[in-house]
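Student: when you get a sec, could you give me coordinates for this:
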Amino acid sequence: MSDLLGQSTALLVVHLQEDIVAEGTAFGSIFAAEAAARDVVEHTNVAMRAIRDHGGLVVPLRIAFASDHSDLRPTLPLLQMVEQAGCLKDGTTGAELVADLAVEDDDVVLTHKRPGPFTDSDLEEVLRNRGIENVVVCGVATNASVEGAVRQAADLGFHVAVLTDATSAADGGSHEASLASMGLFATLVTVEELAAGISR
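Tutor: Numbering: from 1, shown residues only. Sure, this is the predicted structure:
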């Protein structure tokens with residue numbers, strides 16, 4: 001673990017936004033219960049502190065669109081659901097990161113418009129400019145944008161790890177199946193293992 005961490009590591013925090021993980025919101029009816037049961041936000045906060053304490057970069061990711069969705073291309077069912085729900089609009093509370101997520105000023109909050117955060121964004125450039133070689137991923141949903149980020153990062157040549165207890169999906173079966181797939185592209189670790197790896 002120790003070679004995975006330090007100044008050359010970035011933590012990608014995927015879509016811990018009100019409209020996605022808060023109860024009573026557009027996607028909250030799908031994802032909120034599992035995110036709460038797995039304590040994803042608090043586990044993510046622990047991971048963010050550990051990454052920062054050892055010189056790494058924290059990148060909270062938001063997926064958000066114009067108020068009229070004019071920049072949303074609903075070419076896949078997930079984005080069609082966004083369009084139909086009228087959610088994730090920039091400037092609304094629903095598009096913001098959840099209040100319990102402990103974002104700090106030195107973190108790089110990045111907004112993108114496709115489920116894969118490297119698509120049509122400057123995420124790769126941000127990471128390359130910081131000398132990032134290792135990418136750790138957490139957030140929601142395991143089998144959607146988390147797995148998308150993992151596969152994209154791996155294809156781009158980064159060493160990738162997934163925080164298994166700081167991610168969740170709509171249900172446990174989907175979460176576990178996605179982790180099994182991601183094991184071909186990334187190292188699977190818990191937040192505790194991550195922190196232990198840093199301290200060694």
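Student: wait, doesn't residue 178 sit right on residue 145?
Tutor: No - judged on CB atoms under 8 Å, residue 178 makes no contact with residue 145 at a distance of 10.9 Å. C-beta: built from backbone N, CA, C; applies to glycine.
Student: who has more neighbours, those two?
Tutor: Ranked by neighbour count (other CB atoms under 10 Å), residue 178 and residue 145 place residue 145 first, with 24 against 20.
Student: confirm the more buried one sits in a helix?
Tutor: Yes - the assignment for residue 145 by DSSP: H, G, I helix; E, B strand; the rest coil puts it in a helix.
Student: that one: what's it in contact with?
Tutor: Counting by CB atoms under 8 Å, 6 or more residues apart in numbering, residue 145 touches 14, 15, 61, 63, 115, 116, 117, 139.
Student: just the closest of the residues you listed to residue 75, please.
Tutor: For those, the residue nearest residue 75 by CB to CB is residue 115; the value is 10.7 Å.
Student: if we can go back for a sec, JSON lines for the contacts of residue 145, including secondary structure, neighbour count and pLDDT?
Tutor: Listed next are these as JSON lines, based on DSSP: H, G, I helix; E, B strand; the rest coil; neighbours: other CB atoms under 10 Å; pLDDT from 0 to 100:
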{"residue": "14", "secondary structure": "strand", "neighbour count": "29", "pLDDT": "98"}
{"residue": "15", "secondary structure": "coil", "neighbour count": "26", "pLDDT": "98"}
{"residue": "61", "secondary structure": "strand", "neighbour count": "23", "pLDDT": "98"}
{"residue": "63", "secondary structure": "strand", "neighbour count": "22", "pLDDT": "98"}
{"residue": "115", "secondary structure": "coil", "neighbour count": "21", "pLDDT": "95"}
{"residue": "116", "secondary structure": "coil", "neighbour count": "19", "pLDDT": "96"}
{"residue": "117", "secondary structure": "coil", "neighbour count": "28", "pLDDT": "97"}
{"residue": "139", "secondary structure": "strand", "neighbour count": "30", "pLDDT": "98"}
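Student: got the residues you listed as a markdown table, with distance to residue 80 columns?
Tutor: Below are the contacts of residue 145 laid out as a markdown table (distance: CB to CB, whole Å):
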| residue | distance to residue 80 |
| --- | --- |
| 14 | 20 |
| 15 | 17 |
| 61 | 21 |
| 63 | 14 |
| 115 | 12 |
| 116 | 16 |
| 117 | 19 |
| 139 | 21 |
